[in-house]
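> fold the following and give me the result.
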Amino acid sequence: MSDPTPAAAPPSAENPAASPVSAVPPAAASLAVPAAAAPAVPAPVAVPAATVKPAGWGENWRKEYAGEDAKLLTQLERFQSPKAALDAYFAAQRRISEGGLKPVLPENATPEQLTAWRKENGIPEKATDYLANLPDGLVIGEGDKPLFESFVTELHKVNADPKVAHAAVAWYNKFAEDQQAVQREADTTYAAQTEDALRGEWGADYRVNQAIRTTFLNRLPEGIKDVFLNSRMPDGRALGDHPDLSKWLVGMERELNPTATLSGGAMGGDTKALESRKAEIEKLQGNQHSEYWKGTKGPDGKTKLEAEYDNILRIQEKLKARAA
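Below you'll find the predicted structure:
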């Protein structure tokens, strides 16, 4: 029976014979030299981070940058480092671009710079423009215009915001209205007090004397009457409502026109009308049942017609004396 294992090929140049390997005893194997280990690499040593300063910035960076500009040096002294100064600068630029910070008007600005700055900041070109487009429909009266034009001229010199002018106009308008209301109330009170005083003194002649007062005032030149009546005394009260003035006016008209007591001066010194009225009353004297005798009597015990007749007689006496 043949061996199935193939026979080894004979040695040749292409297939040289393998060198025989000698067996190594176990003891010898234990004496084998181990392979050399790789040299150990030393661990990195931690080096403290050095303080890095920007190139060109020394300890005296503020003075180096400001040079001879003392004001700039003072501003730089507010910052602890160049970085802080730059942060502040860029923050300001962001605020400017966002409208939160507007450029400051330079000192000794040129007219062109001033005009541009005012336009950018909403300041009117002319002082009187402060008074344009007033809020809430406010209107400045002709009498108040000189006051406000002077006021806004000063505001314009300091480039005040238009809101300041508008607020001032609104305040003044309300203040004026409040003052007028107070004055009207005071005038009403004083006029009522004067009327009470004169009614108490003149009694039944109150209306007649008021008409006589008006007659005298109508003698004044056109326009003067209103000026006279609208004048005010040092304490603010109306001159025309002073009781002593009213009594003086009535007295003056009585002297100028003795017939003033008749129908409130409506006769205007007409002696013919005086004689006519006297004759009418004398006719009533002949009738014992007329108003001359039966009319209501006043505090002096005379009827109204009796008192009027006596007054006519006094007036005639004055007219005779004046004519003499």
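
> can we go C-alpha only for contacts and neighbour counts from here?
OK.

> low-confidence stretches in the stretch 201-324 of the chain?
Along the stretch 201-324 of the chain, the parts satisfying pLDDT under 70 run over 260-270.

> chain center to stretch 82-98, what's the gap?
The chain centroid and the centroid of stretch 82-98 are separated by 35 Å, computed with C-alpha atoms, centre = their mean, to the nearest Å.

> an error on my part: the question was meant for stretch 195-208.
48 Å.

> how about that stretch: buried residues?
Neighbour-count burial for stretch 195-208, with 16 or more other C-alpha atoms under 10 Å as criterion, is recorded at L198, V208.

> got the CA positions of that stretch in PDB?
Extracted in PDB, the C-alpha atoms of stretch 195-208 (Å, rounded to 0.1, in the frame of the first residue of the first chain):
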ATOM      1  CA  GLU A 195     -74.000 147.500  43.100                       C
ATOM      2  CA  ASP A 196     -75.100 146.600  46.600                       C
ATOM      3  CA  ALA A 197     -73.300 149.600  48.000                       C
ATOM      4  CA  LEU A 198     -74.800 152.000  45.500                       C
ATOM      5  CA  ARG A 199     -78.300 150.600  45.800                       C
ATOM      6  CA  GLY A 200     -78.100 151.000  49.500                       C
ATOM      7  CA  GLU A 201     -77.000 154.700  49.100                       C
ATOM      8  CA  TRP A 202     -79.100 155.800  46.200                       C
ATOM      9  CA  GLY A 203     -82.200 153.700  46.900                       C
ATOM     10  CA  ALA A 204     -85.000 154.400  44.400                       C
ATOM     11  CA  ASP A 205     -82.600 156.700  42.400                       C
ATOM     12  CA  TYR A 206     -80.300 153.800  41.500                       C
ATOM     13  CA  ARG A 207     -81.400 153.200  38.000                       C
ATOM     14  CA  VAL A 208     -81.700 156.900  37.300                       C
END
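
> which strands and helices sit next to the top helix by length along the chain?
Across the chain, the longest stretch assigned as helix under DSSP state H is helix 162-202. Here helix 162-202 touches helix 145-157, helix 206-217, helix 243-256, going by 3 or more C-alpha pairs under 8 Å, 6 or more residues apart in numbering; DSSP states H and E.

> what's the angle between the longest one and helix 206-217?
Relative orientation of helix 243-256 with respect to helix 206-217: 70 degrees, computed using axes from the mean of the first three to the mean of the last three C-alpha atoms, to 10 degrees.

> re the thing from before, so which of the helices and strands packed on helix 162-202 gets nearest T74?
Between T74 and the helices and strands packed on helix 162-202, the shortest gap by C-alpha to C-alpha is with helix 145-157, which sits at 29.1 Å.
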